[in-house]
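*Asks:* sequence and predicted structure, then a few things I'm wondering about:
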Amino acid sequence: MYIIGVTGGIGSGKSEAAKAFLSLSVPVIDLDDIAHEITQKNYPGYIEIKKHFGDKYLDKNKKILRKNLKVDIFNSRKLKKEIESILHPIILNECKKEIIKYKSEEYIVIMIALLFETENYLKLIDESLLIDCDREIQFNRVQSRDKLEKNLIESIINSQLSRDMKIKRADKVINNNLSKAGLKDQVYRYHNDLKLRINGQVK
């Protein structure tokens, strides 16, 4: 089984790329989905956050106030590292469990927003695919989608590895400056090329 690590900055279009792979019946493991699941009430990530911070990030129903936590994380490097040290090992462990389920597949995709920032997944994957776009487009997409304050969007973008560094480190790059249909076409072309490479028809 060949493993592709798909990455890209916030607003780059990773979710749309994931949909395109799913439409091709390619299994997709999304670390954001895992992170959301393990921080549900009484799940491992939730328990650890509650252990470290008490009720600080819980609402009246004892569920995590995700927006409050996100804002504080991107306003404090110390807190960001603390949360990552709590959640990343749990997420990695869950990801490995998911990979085992797909061992008979030709290839699978793992959506890893911080692939190059954390480096925990570089030894798990066979190839990295970057979904890339211009910073202005990235900013506008996030603002339109998430309705966040401008300074918070800037903090999130700046907390991630620079676009240039990601392009240098990625094995393959798909540019997503244009339409969703254009991105889908590029994912399909990548898929067809990859299948040829996996089967040794292209070097």
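*Replies:* Structure's in. What do you need?
*Asks:* now do the buried residues in the helix ranked longest in the chain.
*Replies:* Longest helix of the chain, by residue count under DSSP state H: helix 77-101. Using 16 or more other C-beta atoms under 10 Å as the test for burial, helix 77-101 gives 83, 86-88, 90-92, 94-95, 98-99. The way it works is simple: take the backbone N, C-alpha and C, and place the C-beta from them, glycine included.
*Asks:* closest to Tyr2 among the residues you listed?
*Replies:* Ile99 (11.6 Å; C-beta to C-beta).
*Asks:* for the closest one, what are its contacts?
*Replies:* By C-beta atoms under 8 Å, 6 or more residues apart in numbering, the contact set of Ile99 is 3, 29, 108, 110, 124.
*Asks:* dump the buried residues of helix 77-101 into JSON lines; add pLDDT as well.
*Replies:* Output for the buried residues of helix 77-101, formatted as JSON lines (pLDDT from 0 to 100):
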{"residue": "Ile83", "pLDDT": "93"}
{"residue": "Ile86", "pLDDT": "95"}
{"residue": "Leu87", "pLDDT": "95"}
{"residue": "His88", "pLDDT": "94"}
{"residue": "Ile90", "pLDDT": "96"}
{"residue": "Ile91", "pLDDT": "97"}
{"residue": "Leu92", "pLDDT": "96"}
{"residue": "Glu94", "pLDDT": "96"}
{"residue": "Cys95", "pLDDT": "97"}
{"residue": "Glu98", "pLDDT": "96"}
{"residue": "Ile99", "pLDDT": "97"}
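*Asks:* helices along this protein, start to end?
*Replies:* For the chain, the helices defined by DSSP H cover 14-23, 31-38, 44-53, 66-75, 77-101, 115-118, 135-146, 150-159, 163-169, 180-198.
*Asks:* including distance to Thr7, could these go into CSV?
*Replies:* As requested, these are exported to CSV (distance: least, C-beta to C-beta, whole Å):
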stretch, distance to Thr7
helix 14-23, 7
helix 31-38, 10
helix 44-53, 21
helix 66-75, 19
helix 77-101, 14
helix 115-118, 4
helix 135-146, 13
helix 150-159, 14
helix 163-169, 7
helix 180-198, 14
